[in-house]
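1. Please find the sequence and the predicted model below.
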Amino acid sequence: MPTPYAYFQGNIVPLSEAKIGVMTHAFNYGTAVFEGIRGNWNQDDQATYLFRMREHFERLGQSAKILTMEMRDSVDRLCDIAVELVERSGFTEDVYLRPMVYLASEQLGVRLHNLASDTLIFLTPFPAYLPETARCHTSTWRRVQDTGIPPRAKVTGIYVNSALAKTEANLNGFDEAIMLNENGHVSEGSGENIFMVRDGKLITPTPADNVLEGITAKSVIELASNELGVELVQREIDRTELYIADEVFMTGTAAHLTPIVEIDRRTVGTGNPGPITSKLSDLFYDCIRGKSQKYGAWCTPARARVAS
């Protein structure tokens, strides 16, 4: 029987024992940064493939730096710990790892300085986050901007902004939200980067549009260039451009690569995943499950130590 484990206060413990106090600063003020790492189960190999784990831990360190927190463990050590957690936990299905650097001091008061930080990692089984094809709604909530809360850092408190947009979309009958920036240009989904295809070119917003610089997005851009010869254009995108795009899709750790077939009750393209989206999807899913030798370095295998 699988048993989830966590890395907590410098030790690997059963997840049920990893608990924080109610006065923990991060719990009270959202003063933590996090990552999400997908572990993709491959039945044939009897292995879980951790996708671009090192890059996620490197970005965790960058987020911590922005908030002046200390990530005391090295990236190498965190990678080793993540593999250990997957192997000990023994899941034979897709899992999601949540690393976090957080202000652990049990003190009240709004600040980031003179507080102790700590690192934790836990994992949990994680099924599909979005349907195979998704319907989107342009949110009335604007994406946070860099002069308010830094969007390049995965700060836990930022995700209230995303949650407002996601809930608004779901309660209106849609699968996901599309968020605009303060200038009214397309930024990203509630937890995904967004791409459109027009005239054979792959187009996505720029980092200046307050997007999180996505690791999955970077991978898909590389596949589009190397395998399909598709040109990438990074520029501002207006909301109405999405309505007349040939194809639209989202990328993210949770969402993987999800085709968008409807936006604001307008059909995208033919209403089915387009040819570029479909080809990229096939390539991407082979990569994340360790089936691509060419991109094998993107994945780290871990094998359960206990029977399912």
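-> Perfect, I can see it now.
2. Can you give the domain ranges for the protein?
-> 5-127, 134-288 (automatic domain parsing).
3. pLDDT below threshold where in the stretch 201-308 of the chain?
-> 306-308 (pLDDT under 70).
4. quick one, helices of it?
-> 215-228, 239-243, 275-288 (DSSP state H, counting those that start in this stretch).
5. Format the ones you listed as a markdown table; extra columns: distance to residue 4 and mean neighbour count.
-> For the C-beta atoms, the positions are set from N, CA and C on the backbone; glycine is no exception. Formatted as a markdown table, the helices of the stretch 201-308 of the chain follow (distance: least, CB to CB, whole Å; neighbours: other CB atoms under 10 Å):
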| stretch | distance to residue 4 | mean neighbour count |
| --- | --- | --- |
| helix 215-228 | 24 | 19 |
| helix 239-243 | 39 | 16 |
| helix 275-288 | 21 | 19 |
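6. how about these, which one is nearest residue 14?
-> Judged by CB to CB, the one of those that comes nearest to residue 14 is helix 275-288, at 27.8 Å.
7. what angle sits between the closest one and helix 215-228?
-> 110 degrees (axes from the mean of the first three to the mean of the last three CA atoms, to 10 degrees).
8. returning to what we had before: out of the helices of the stretch 201-308 of the chain, which comes closest to residue 136?
-> Among the helices of the stretch 201-308 of the chain, the nearest to residue 136 by CB to CB is helix 239-243 (8.4 Å).
9. And the closest residue to residue 56 other than its chain neighbours, what's its pLDDT?
-> Spatial nearest neighbour of residue 56, excluding adjacent residues (CB to CB, 6 or more residues apart in numbering): residue 35 at 4.5 Å. As predicted, residue 35 sits at a pLDDT of 98.
10. What is the burial count for residue 35?
-> By the criterion of other CB atoms under 10 Å, residue 35 has 23 neighbours.
11. Confirm for me that it is in contact with residue 61.
-> No - using CB atoms under 8 Å, residue 35 makes no contact with residue 61, being 9.8 Å away.
12. circling back: out of the domains of the chain, the one nearest residue 296 is which?
-> If you check each of those against residue 296 by CB to CB, domain 134-288 wins as the nearest, at 8.6 Å.
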